[in-house]
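**Student:** Here is my input; please provide its structure:
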Amino acid sequence: MLLLPKSGLGRFLLLLIIISTLSYMVLNIVSFAGTPWITTNVENIQFGLSKVCDKSTNGSCNQWSDRVYNTNTTRNAFSRGKPSYIRTSQALEIISLIFCVFAAALIIIGIINLDGLPYIFMFLGSAAFLIVAMVFLSATLGVMSVQGRSNRISAFLDWAWWNGMVGLITTIICFFALTALIFDMKSSPVNRQIPKLKRKPKQTDIFVAQ
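**Tutor:** Residues are numbered from 1 along each chain as shown. This is a model prediction of the structure:
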């Protein structure tokens, strides 16, 4: 049995939750896989959480796991291999994605009312997971923004970083929509579920013969 609020606000919030959940999942995955988080025109390189690319050789890219790079530009830029802040950002982003997946799973279970589980517990658990995901995602964006551009001339944030920022915003929207829907379902007289009255056992009249 699907969760269908009767109030207009409740239906809007439920629709917003569904849209924002799909959005933050797609945006965060694309941001994690996207290469150009940081771009610098002086060194002619682009790099993100997964790859580092050399713009001077028609976009030749290498995984961060590769210790040796094919071009002089990337070898000079990252002569010591994968920087420590890349390892930190990768770990933070992966943890954020895991909690986002858990939150999305609880939202789905709460909406379809799987096995009769109360939606309020599913939504509260999802909101808690989203808080953790937002913390780790914010840390990822902050580390890449500060340390990724430090000591680099004319380095700027590219589309994959901004894609992650939009993913963070949609995650925040989903969190507030969840909390607002819980409040609306509990406070609105239209959505409030009235418990069924227990039927009293039928009394039988006893006639005493005189």
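**Student:** Quick check: nearest residue in space to Leu181, chain neighbours excluded?
**Tutor:** The spatial neighbour of Leu181 that comes closest, neighbours along the chain excluded (CB to CB, 6 or more residues apart in numbering), is Leu13 at 4.1 Å. From N, CA and C alone the C-beta is placed, and that goes for glycine too.
**Student:** now swap in Ile95 and tell me
**Tutor:** Ile95's closest residue in space is Phe136 (CB to CB, 6+ apart), at 4.9 Å.
**Student:** Check Thr171 too.
**Tutor:** The shortest distance from Thr171 to any non-neighbouring residue, by CB to CB, 6+ apart, is to Tyr24 (4.4 Å).
**Student:** Now the phi/psi pair for the one you found, please.
**Tutor:** Backbone torsions for Tyr24, taken as degrees, to the nearest 10, come to phi -70, psi -30.
**Student:** circling back: who are the neighbours in contact with the residue nearest to Ile95?
**Tutor:** Leu92, Glu93, Ile95, Ser96, Phe99 (CB atoms under 8 Å, 6 or more residues apart in numbering).
**Student:** now, among those residues, which is nearest to Leu130?
**Tutor:** Distance to Leu130 across the contacts of Phe136 (CB to CB) is lowest for Phe99, with 7.4 Å.
**Student:** For that closest one, list the residues it contacts.
**Tutor:** Applying CB under 8 Å, 6+ apart, the residues contacting Phe99 are Phe129, Leu130, Val132, Ala133, Phe136.
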